[in-house]
Structure formats: structure tokens, C-alpha cells
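Peer 1: Would you be able to build a 3D model of this:
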Amino acid sequence: MPSRRYVQGWGALSLAVGAVLVTTAAGQAPPVGGGGASTAPEPAVVTVGACADAGGLCRVPRTTLALDARAAVTLPADADGPVDLALRTPGRLADVTVTDRRGRRVAGHTDTGGTRWTSEVALPAGGAYTARLVLEETGPAGLRRRVVRLAVRTERAPAGERLTVAFGPDDGEGGGARTYGVGQPVTAELSHPVPADAPGARRIVERALEVRSEPRAVGAWHWVDADTLHYRPRAYWPAGATVRVRSALAGTRVTDRLYGGPSRPLTFSTGARVEAVTDVAAHEMRVYRDGRLLRVIPVTTGKRGFRTRVGTKVVLGKERMVRMRGDSIGIARGSREFYDLKVRWATRVTWSGEYLHAAPWSLDAQGSTDVSHGCTGMSTEAARWFFRTVREGDLVRVVNGYGEPMAPFGNGYGDWNLDWPEWLGGSALGPGAGRAAAGSPLRPAL
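Peer 2: Okay, the predicted model is just below:
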């Protein structure tokens, strides 16, 4: 009975087979016989496969070929599994290096027996790769090594729509990287939704979204919904870091009808670690830079019925003047609680309208009583100082309060309110998703 890994009717993969030309290592004695002439070794033979599931039907039949100077194999564009190279002749794979046209190395691993190499992910469509295999073989003259090569190509993706990614935060205009606070998450907005009931497609997408930071930081992606992901480190970004984000989806088969397309990369930097900690019970805010206390500010927060959210928030933006009206948070016009104010030095932390701002009308309450409708109020001088001290991505924590917890998503960046196991629970790669932000399975060779 034929193997289930072959699908009847699939055409043979294109390949070229010939004789291997190998020279003996310098200083190695030629084998005895034939008047002292060296005998060329038999061609090495490998089997090439690209199946997504080792236990089910495979859309790509395996191909066995001898490795000569022209050996090549072409994989179909819909090959959706990792590529594996299995040695069929005696010996072992001492080293395998697979690189693309640009010299970037394809990540993979060799099994414990040294006879099979497997890439971490499927190769994108429309690519050309060179596999360099170092073989260890035992012959009449003892153990020796030789190098053989295999050209691996993937067919171009069929015409159709492409999955692209828009990364955030905004890197500004003019080519210079913007600077953000250490709490700034990376966002990825997909052009096409990838639903939760397609875990394989989500894994393909997530593996292809590469985040690098210098210094390195352990981090992971989290699926917010079908077309949005956030990336954050386990702790905050290091101060003074450079963060680079790119997509390796171009040419990658995501689903039967959807392939990845090119996406614009992102680079940004982080500044000092600036953190404002508002203690609701103490009616004060302490502002730190890199762990050093800069200032203690008397504040007033949300009163009963309008309590300020507790938890960690991230600065979203700053406005020198903003008009605040009660009906924007559901307070009816004409009611005793309604307000319509022009507010200065406003630092925003939620999309629903929570700010830290100047509140000269509540000076008597600052430091002693909660009288606001949810914002954190302070003197005009203190609000101006705070406005000029913080930047987007800086951290604002509210502790010892009575309000609802800050939501992780949907109303600003509450990402830090999930602990690390909870964060990893939103990754399609599972609990092992957390890794140093240092590269995707297709990375530059060292």
C-alpha cells in the first residue's frame, strides 16, 4: 500500500541529477589501489520533503536525488510545511547551512542521529536558496569530510490578494526613528483577518513577524483579535534601546487562497524609563526617571461614581489645550455633574478621555480629597512640568484606588496589566513563545 504522504496525481518536482565532483581534503592520503589513483566517492543521496503534518496526507511528494554540481529541486508554491533534507547514503550531516539570495540563513536543526535537517518554517514562495551540507563519511582511508550543495527553489505564488502588515507606533516622517517610552507596545494591523479557528495560519503569521531590540529583551506577540497583534517584552523595554520590526510574510502561504505580501518595516527607539505612580489613597503622584524620584505632586482623582481606573497605563499623547464636556462620558446636559471646560496641559492615557491635566479649580482638594470625574488633576504649574517631562509610551500606574481595573485592550495600552503567563496565553505559539527579540526563522547569517 503506498504511503499516505504521497498524493496521487501530483506531478514530479523538477530536479537535475549528475555526477559529484569532490576533492580530497588537503594532506589526506589517497586510498590504496588502481596504481595509487584516488577513487571518487559515490554521490551523496538525499530526500527532500516539505510536509506540514507528518501524520496526515501531504500535498508535496518527497523527492530523492543524488547531489552533483547541478543538483536542484523546485518546491510548489503551496508547500506549507518545513523543508527537510534526509541523508540516504552512509554517513552523517556534520553541518547544514541554507541561505537565501541575500545570504540570510534559514533557521533549522539537525536530528540527534545527524541524518536529517529540518527548517523551522516553510520557505516562502518565489524564493531561491542554497543548501550547503558538510558530510562525514567513513571510507578506506578512515573518517573524512566533504561538502556538497543543493539548489532549492520555490515556485512563485499564484495571483491574488496578499496579507500585509501595518506596524505601530508611528515612526514619524523624514526617515528618523521616533523615541518612545519603555512601555510602548508594538502593534501589527493585518490587512486580512486570521481567525482563532485557523491556529496554523496564526502560527505562520506570528513566526514571520520579527522584532529585534538592542539591548535584547525577551518578548512575545499576543493576538488581540483576528486582525490585530501586540508585542511587548516580559518586562518593559530597556531604556535607550533601538527596536526594529519587520515582516517576513512576503511569499509565504498563509492559507489555501492567501499569501503574504510586502510590508513596511518599523524602527523606533526608547528613552529613559519614566514612570508616574499615582497613589489614590495618599492623594499624591510620584514621578521617577530611571528609578530616581524626580517629584512628588499633590493630586485629586475620580470621586465616587467616577473612580479612576487602577492599573498600568501608557501615555497615548499630549494636548496643550483640550475641551472636556460631561456628555462625552454620559453625563446629561443640565445635570449637576455636567461640565464644559477648556483644560490645559493634558496628558492622555485612555481613548475614552482619561487625562492627567491642570485643574486650578480643585487646588483645595489636591492632596486631600477626590473630586474629579475620573481624570487626575493637579496644579497648572505641576501639569505643565509633567507635560514637558513625559513622552508617548511612558508609564502611568494608579495604585491603592477604588476604580475598575484598566482593560488590557480597547481603551489605550493596558497590555502591562496581563502577567507574563496570561500574555503568552494569547500567542499562537503557546507558552514557549517568549524569546529574546532578536530575529525570525529567516535571519541574517552571522
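
Peer 1: Give the burial count for the nearest residue to residue 394 once chain neighbours are set aside, as a bare number.
Peer 2: Taking CB to CB, 6 or more residues apart in numbering, and ignoring the residues beside it in sequence, residue 394 has residue 181 as its nearest neighbour in space, at 3.4 Å. Any C-beta I mention is one placed from the backbone N, CA and C, and that applies to glycine too. Applying other CB atoms under 10 Å, we find 23 other residues in the vicinity of residue 181.

Peer 1: Residue numbering should commence at 16 henceforth.
Peer 2: In the new count, where the first residue is 16, that last one comes out as residue 196.

Peer 1: got the buried residues for stretch 420-437?
Peer 2: 421, 423-424, 426-433 (16 or more other CB atoms under 10 Å).

Peer 1: Let me know the closest of those to residue 176.
Peer 2: Distance to residue 176, by CB to CB, is smallest for residue 424 among these, at 26.7 Å.

Peer 1: What pLDDT does the model give that closest one?
Peer 2: Residue 424 is assigned a predicted lDDT (pLDDT) of 97.

Peer 1: what does the one 5 residues further on give?
Peer 2: Each residue has a pLDDT score; the one for residue 429 is 98.

Peer 1: quick one: contacts for it?
Peer 2: Contacts for residue 429 were tallied using CB atoms under 8 Å, 6 or more residues apart in numbering; they are 326-328, 421-423.

Peer 1: same thing but at 7 Å, please
Peer 2: When the contact criterion is CB atoms under 7 Å, 6 or more residues apart in numbering, the partners of residue 429 are 326, 328, 421-423.

Peer 1: likewise residue 444?
Peer 2: Contacts for residue 444 were tallied using CB under 7 Å, 6+ apart; they are 218, 221.

Peer 1: Which residue is the nearest non-sequential neighbour of residue 247?
Peer 2: Taking CB to CB, 6+ apart as the measure, residue 247 lies nearest to residue 200, with 4.7 Å between them; neighbours along the chain are not counted.

Peer 1: Just give me the neighbour total for that neighbour.
Peer 2: Close neighbours of residue 200, defined as other CB under 10 Å, add up to 23.

Peer 1: where in the protein is pLDDT low?
Peer 2: Low-confidence segments of the chain, defined by pLDDT under 70, span residues 16-55, 67-74, 188-191, 450-461.

Peer 1: could you pull out the helices for it?
Peer 2: Ranges of helices within the chain are 214-223, 395-404, 435-439, based on DSSP state H.

Peer 1: about what we covered before: just checking, which of the contacts of residue 429 belong to strands?
Peer 2: 326, 328 (DSSP state E).

Peer 1: Save the contacts of residue 429 as a markdown table, and put in distance to residue 169 too.
Peer 2: As requested, these are arranged in a markdown table below (distance: CB to CB, whole Å):
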| residue | distance to residue 169 |
| --- | --- |
| 326 | 46 |
| 328 | 45 |
| 421 | 45 |
| 422 | 43 |
| 423 | 38 |
